[in-house]
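Undergrad: My questions are about this predicted structure, shown below with the sequence.
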2 protein chains.
Amino acid sequence: MRERLMMKLMEAQGFVSGARMSLDLGISRGAVWKHIQVLRQEGFAIAASPRKGYRLLDVPDVLYAAVVNPLLTGGFGKPYHYRHSLTSTNDTAKALAHSGAPEGTVVVAEEQTGGRGRRGRFWHSPPGGLWFSLILRPKTPPAEINSLSLVLSLAAAEGLEQLPGISPSLKWPNDLLLGGRKVGGILTEISAEADQVHYAVAGIGINANFTSFPPEIEQTATSLQAHSGGAVCRPRLLSALLTALEDNYRRWCEKGFPPFRAAYKERFGLLGKTVSAATPTGTLNGLVRDVDGDGNLILTLRNGEEMRLSTGEITVRGEEH
Amino acid sequence: MRERLMMKLMEAQGFVSGARMSLDLGISRGAVWKHIQVLRQEGFAIAASPRKGYRLLDVPDVLYAAVVNPLLTGGFGKPYHYRHSLTSTNDTAKALAHSGAPEGTVVVAEEQTGGRGRRGRFWHSPPGGLWFSLILRPKTPPAEINSLSLVLSLAAAEGLEQLPGISPSLKWPNDLLLGGRKVGGILTEISAEADQVHYAVAGIGINANFTSFPPEIEQTATSLQAHSGGAVCRPRLLSALLTALEDNYRRWCEKGFPPFRAAYKERFGLLGKTVSAATPTGTLNGLVRDVDGDGNLILTLRNGEEMRLSTGEITVRGEEH
């Protein structure tokens, strides 16, 4: 009911009377008043005038479809599925994709109870964050998905940069950093035949409006709120991210990774650093030299040998990431 | 009950008395006799002796776990799931893999009601065929799965070749041909992160013991029975295939496609042929020159240009495949 009431306030773009809402929603004017009070307690700025009724003063920081939909600029985010709590938005999106949900479908949850990062690692996803998954249906072989994932993480960085004072760097392959700390990440999963992707699900997690972290990541994680001192408007941020994701995705479908290489390198936090790279075949130590046209990491090992990595866990040596 | 009775006969490796089976299975001796009669009607060679009981004279052509399990030589086929009818063994295997089923798990169905080939195309899967899926958990990026699929199709050809008079050729990427007609195929599907496969499901379909085909594939398909004139013993064939699949898979995990390249080329029906290759970016016409160390097809186009294909639908020009 509160989501429907919120929708009425959004649609009105001005004052809407209590009588009107009472009629449209089939509840008493007293009930409308009570719901408005709860919404105000949740932090929504709602003006009340005895004669004109109620008016939303700003886009509220809530990810209901009614709030996000008017802010969308393209095809991504339609259809839009919001849930208060999910195990993992990627799992829900994969199930939807399996049932035929179209490209652009977005699944958002206020919190994830089993959020995952790469390799099945736990991803702390409390209320206040921005946790969403996007269904894509690129007509490519599975090999291309690695570079898609880089291009999406670049889009996420570009979307975040529209916030004042926020300029994330990228830790290959998929982490977003602020001041060297993890502020977000991308987990791209696919279902595919040997030479053809059926669908991809890109899970994007942004530590937005919360400031406390579990002890094990306290030293390595940050959030937009912790970094900038104030809460961000998540619906606007989601809209900006979806616009950037759609732009980059369309361009990638046409031209692959090469057009993004320069922009990726510009944000690339690892260039020139000495790192350890844990790969399925062993750990390599070397100097990060470049990212190639396929999105592979190029390392120069101590013996001077050059290595190209398509996968690996990177640790900057002497720092704790 | 008949599967349990069959298991008793298999375990006995000789005569087993009606009284023993009656006791073990908790049914009357008369019921045992009736089940034996039904099994005989289904074509199983079972000897009956008034004093000694019943004895299986040969491995029956049925894919029950009780029949297949004693024939297995390695780890593939354990656990083993047999169903009389499934929509698609790949779909069931994917659901099992998602729930954590281990590498080597096999799903077999006597018939598939919605069997699929590549690109979601219908695969005719009537009773009498050999339709099974194998769960694999290779620690590789998705890009490698294309070559895994080739290596598994090579294993399937090698397994089939143990039958007298059967020597399949391979139509890149995944079809098995006898006398130029399709006798089987592989559909490898994966669930993966951008740079790490979660699991692969290899679906193997062999047109074994049936001889009639729908009109639309009548001219292009064949079966082992149609080709050789007699029915094959599917449990033995399945065991031979699983042995070959496991051998090739283990070697591929260690060394990739290169060790298989020569054997693949030897069976490769397209070498030197003029073909059309329908790819996601258009159709190419050219001469098939080679298969490279990653399993890509190498074509020489009419203008002399050389192309490497990782995916595509091949049509031999002037022939109907």
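TA: That came in fine, so what should we check first?
Undergrad: which residues does residue A:183 contact?
TA: Going by CB atoms under 8 Å, 6 or more residues apart in numbering or on different chains, residue A:183 touches A:160, A:168, A:176-177, A:206-207, A:221-224, A:227. C-betas here are computed from N, CA, C, even on glycine.
Undergrad: next one: residue A:165
TA: By CB under 8 Å, 6+ apart, the neighbours of residue A:165 are A:227-228.
Undergrad: Strands of the stretch 151-300 of chain A, residue ranges please.
TA: A:169-171, A:175-178, A:181-193, A:196-206, A:274-279, A:282-291, A:297-301 (DSSP state E, counting those that start in this stretch).
Undergrad: Any residue of the fourth one touching chain B?
TA: Translated: strand A:196-206. Yes: contact of strand A:196-206 with chain B (CB under 8 Å from any CB of the partner chain) involves A:196, A:198.
Undergrad: strands paired with that strand, and their directions?
TA: Using DSSP bridges, strand A:196-206 pairs in its sheet with strand A:130-136 (antiparallel), strand A:181-193 (antiparallel).
Undergrad: Let's have the ones you listed in JSON lines, adding mean pLDDT.
TA: Below are these laid out as JSON lines (pLDDT from 0 to 100):
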{"stretch": "strand A:130-136", "mean pLDDT": "98"}
{"stretch": "strand A:181-193", "mean pLDDT": "96"}
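Undergrad: In JSON lines: those strands, plus distance to residue A:278.
TA: Output for the strands paired with strand A:196-206, formatted as JSON lines (distance: least, CB to CB, whole Å):
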{"stretch": "strand A:130-136", "distance to residue A:278": "26"}
{"stretch": "strand A:181-193", "distance to residue A:278": "17"}
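Undergrad: With respect to residue A:110, which of those strands lies nearest?
TA: Among those, strand A:130-136 comes nearest to residue A:110, with 7.8 Å by CB to CB.
Undergrad: Just give the closest residue to residue A:33, not the sequence neighbours.
TA: Leaving out its chain neighbours, the residue that sits closest to residue A:33 by CB to CB, 6 or more residues apart in numbering or on different chains is residue A:18, at 6.7 Å.
Undergrad: Likewise for residue A:44?
TA: residue A:60 (4.3 Å).
Undergrad: In contact with that neighbour, which residues?
TA: Residue A:60 neighbours (CB under 8 Å, 6+ apart): A:6, A:39, A:43-45, A:67, A:235.
Undergrad: Please tell me which one of those residues counts the most neighbours.
TA: residue A:67 (26 neighbours; other CB atoms under 10 Å in any protein chain shown).
Undergrad: Do you know the pLDDT at the residue in the stretch 201-321 of chain A that chain B sits nearest to?
TA: Residue of the stretch 201-321 of chain A nearest chain B, by CB to the nearest CB: residue A:311 (3.6 Å). The confidence metric pLDDT takes the value 82 at residue A:311.
Undergrad: secondary structure element for it?
TA: Assigning secondary structure by DSSP states H and E places residue A:311 outside every helix and strand.
Undergrad: Touching, it and residue B:192? I think so.
TA: No: at 11.0 Å, residue A:311 does not count as touching residue B:192 under the criterion of CB atoms under 8 Å.
Undergrad: intersection of neighbour lists for those two?
TA: Common neighbours of residue A:311 and residue B:192 (CB under 8 Å, 6+ apart) are residue B:141.
Undergrad: Hmm, residue A:58 and residue A:47 touching each other?
TA: No: counting by CB under 8 Å, residue A:47 stays clear of residue A:58, with 10.4 Å between them.
Undergrad: related to what we said a few turns ago, identify the farthest-apart pair in the contacts of residue A:183.
TA: The widest separation within the contacts of residue A:183 (CB to CB) is 15.1 Å, between A:160 and A:221.
Undergrad: between those two, which one's more packed in?
TA: Neighbour comparison, residue A:160 and residue A:221: the larger count goes to residue A:160, with 24 against 18 (by other CB under 10 Å).
Undergrad: Distance check, that one against chain B.
TA: 20 Å (CB to the nearest CB, to the nearest Å).
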